[in-house]
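[1] when you get a sec, could you give me coordinates for this:
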Amino acid sequence: MPGVAATPLRLTPELLRGFLGWLVDEGLSQESKQYREYTNKAREVVGVVLDCQTVAELAKRSKRWHEFVSRLLTYVGHKRGLGLKRVAADLRDCMPRKAAGGEDTYVPPLERVVKAGRKLSGDPEAYAAWLLLVSTGARFTTVVDVLLSFERERLVCLDTGVCRYHVDYKRGEKEQWAMYAPEEVWRWLAERLPMNVPEGEDRDRLYEDLRVRVVANGGVRVKHYRNFVFNKMIELGIPEGVADWVIGHKPDTVGRKNYLAKLAQADKWYPLYAQWLRREILSKL
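    The predicted structure is shown next:
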């Protein structure tokens, strides 16, 4: 691309320090494993001149490198004073669409997630989907199933200010045992669910219509909320195995005894995320 060839980007120590500081401002803890990985990668690329070929080569190394390059270009393109919006856009066009292994690992910044909620607040159905996405980290298919088939008796509220909704929902080999959210979120949803389905309306069509509204009007892809929730749970110190189970990352075909043990761990750890969610997102809507 001519624009990229004419305007390569040199990764100076100052630019990379600004990038790492921006990550902290966006909510990434300096004590987190992900921050340390970003710091190590930044050291590795100090002085590198990014052109189209270099961007593609770095992003193809691994999922983590793809994520690093993507977030670096987001910073370069949006940081006031750098004047590099066009350069960042041209370089982003050089990135492979998916990280190595085919998994999309992009984590949207906190401000984009909050802004999406504000934008969707005028559409009750899309806003309800957004609330569940940022609260539970569940797959969008699971979220829509709950919106359409909500049953109050499946809801169990704990004395920690959170409730879990027992979904027992399976699609192929994916399984989601329970969806966790702050009690006030479930209370708001319970007054409005289940969603009305017009007679003769196809559910798959409803699903697609809602997905389009959430993405087009909110500005964040539905799968990226899942990445966001998981990433934040890890930053908060929630064990990876617990975070995986809470958002339904892995199919769970274990027996009831192991299931109850996992449920107890989720009951213990999820309130940590719920507290952060209230403070950093729900209070700002």
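[2] helix or strand for residue 271, which one?
    helix 256-280 (DSSP states H and E).
[3] what mean pLDDT does stretch 65-77 get?
    Mean pLDDT, stretch 65-77: 86.
[4] who touches that stretch?
    With contact meaning Cβ atoms under 8 Å, 6 or more residues apart in numbering, stretch 65-77 is reached by 9, 15, 18-19, 22-23, 37-38, 41, 55, 58-60, 82, 84-85, 87-89, 91-92, 95-96, 98-100, 105-107, 109. Backbone N, C-alpha and C define where each C-beta goes, glycine included.
[5] now swap in stretch 44-58 and tell me
    For stretch 44-58, contacts defined as Cβ under 8 Å, 6+ apart pick out 1, 4-5, 8-13, 16, 65, 68-69, 73, 90-92, 94-96.
[6] among those residues, which ones are in strands?
    The strands, defined by DSSP state E, take in 9, 10 from the contacts of stretch 44-58.
[7] out of the contacts of stretch 44-58, which are buried?
    Among the contacts of stretch 44-58, those classed as buried by 16 or more other Cβ atoms under 10 Å are 4, 8-9, 11, 16, 65, 68-69, 73, 90-92, 94-95.
[8] the helix holding residue 271 - what's its average pLDDT?
    Average pLDDT, helix 256-280: 90.
[9] tell me where the model's unsure across this structure.
    Within the chain, the stretches with pLDDT under 70 are 1-7, 80, 97-103, 168-176, 198-201, 250-257.
[10] could you rerun that using 50?
    Scanning the chain for pLDDT under 50 picks out 1-6, 171-174, 251-253.
[11] show me the helices in it, by range?
    2-6, 13-25, 33-45, 52-59, 63-78, 85-92, 110-120, 124-136, 140-149, 183-190, 203-218, 222-235, 240-247, 256-280 (DSSP state H).
[12] save the ones you listed as JSON lines, and put in distance to residue 165 too.
    JSON lines is the format used below for these (distance: least, Cβ to Cβ, whole Å):
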{"stretch": "helix 2-6", "distance to residue 165": "48"}
{"stretch": "helix 13-25", "distance to residue 165": "33"}
{"stretch": "helix 33-45", "distance to residue 165": "29"}
{"stretch": "helix 52-59", "distance to residue 165": "38"}
{"stretch": "helix 63-78", "distance to residue 165": "30"}
{"stretch": "helix 85-92", "distance to residue 165": "38"}
{"stretch": "helix 110-120", "distance to residue 165": "20"}
{"stretch": "helix 124-136", "distance to residue 165": "8"}
{"stretch": "helix 140-149", "distance to residue 165": "6"}
{"stretch": "helix 183-190", "distance to residue 165": "7"}
{"stretch": "helix 203-218", "distance to residue 165": "18"}
{"stretch": "helix 222-235", "distance to residue 165": "15"}
{"stretch": "helix 240-247", "distance to residue 165": "12"}
{"stretch": "helix 256-280", "distance to residue 165": "12"}
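[13] select, out of these, the one closest to residue 161.
    helix 183-190 (5.3 Å; Cβ to Cβ).
[14] by contact count, what packs against that closest one?
    helix 124-136, strand 155-157, strand 162-171 (3 or more Cβ pairs under 8 Å, 6 or more residues apart in numbering; DSSP states H and E).
[15] what's the shortest one in contact with?
    Where contact means Cβ under 8 Å, 6+ apart, the residues beyond strand 155-157 that reach it are 163, 164, 165, 166, 183, 186, 190.
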